[in-house]
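*Asks:* I would like the atomic coordinates for the input below:
(2 chains)
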Amino acid sequence: DAKTTQPTSMDCAEGRAANLPCNHSTISGNEYVYWYRQIHSQGPQYIIHGLKNNETNEMASLIITEDRKSSTLILPHATLRDTAVYYCIVRVSMDSNYQLIWGAGTKLIIKP
Amino acid sequence: DTGVSQNPRHKITKRGQNVTFRCDPISEHNRLYWYRQTLGQGPEFLTYFQNEAQLEKSRLLSDRFSAERPKGSFSTLEIQRTEQGDSAMYLCASSLLAADTQYFGPGTRLTVL
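*Replies:* Model (predicted):
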């Protein structure tokens, strides 16, 4: 079962910051939060990941609360091409493997 | 393009036929993963390889499914005696090491008539 909960859908105006929330209240201390997005009929695209500290890269910023029970993905200047399903995922350790446990994601629609 | 590639991109088959999909991971990536994704859902883990060794199989991987990675490079996923319930997107991902980020291919969309 997914360890994250996300809104089913969100809208954002083009050019504005898109803030996508995620709850992961049962996350364990060594489990990372990953974000991927999936544009219609394509494979998932990696965006960013983090453990405790806030992270930023050329695509987005990831803000993780101090208690690590929730996080927010920020797309600073959304464009129409950012319309996609965004998945917040907890990476769990299972035996010798790390598994990505996916939920249903948030469908983000960027409006002109 | 040095990303993960998958072929074919689309496959339509009749129930009862066998199908095979291919995945070429990012060069030098030791780990290769297969996922299945149905409409409106996130990907579900099927199996993964460390080099040529298949180390884990999900309970979703029935006996009709078999995956190989013979030389530790490309991988194939075969479905025998396809059923309509097998219709889905089959995704392949690779990572350099176990703890590294997984990068996904474009997927193969299977439709079983």
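
*Asks:* can you pull the buried residues of stretch B:8-22?
*Replies:* B:11, B:13, B:19, B:21 (16 or more other C-beta atoms under 10 Å in any protein chain shown). For every residue, glycine as well, the C-beta is placed using N, CA and C.

*Asks:* repeat that for stretch A:4-17.
*Replies:* A:4, A:6, A:10, A:12.

*Asks:* the helix or strand of chain A with the lowest mean pLDDT close to chain B?
*Replies:* Counting by mean pLDDT, DSSP states H and E, the weakest-scoring helix or strand in chain A turns out to be strand A:97-101, with a mean of 84. Yes. Residues of strand A:97-101 contacting chain B under C-beta under 8 Å from any C-beta of the partner chain: A:97, A:98, A:99, A:100.

*Asks:* among these, name the buried ones.
*Replies:* A:97, A:98, A:99, A:100.

*Asks:* okay, now the unreliable bits of the chain?
*Replies:* No chain in the question, so chain A it is. A:1-2 (pLDDT under 70).

*Asks:* ah, I was thinking of chain B
*Replies:* Ranges of chain B meeting pLDDT under 70: B:1.

*Asks:* residue contacts, the residue nearest to residue B:18 when sequence neighbours are not counted?
*Replies:* Excluding its sequence neighbours, the residue lying closest to residue B:18 (C-beta to C-beta, 6 or more residues apart in numbering or on different chains) is residue B:80, at 4.9 Å. By C-beta atoms under 8 Å, 6 or more residues apart in numbering or on different chains, the contact list for residue B:80 reads B:18, B:64, B:65, B:66.

*Asks:* among those residues, which one has the most neighbours?
*Replies:* Within these, neighbour counts (other C-beta atoms under 10 Å in any protein chain shown) peak at residue B:65, which reaches 19 neighbours.
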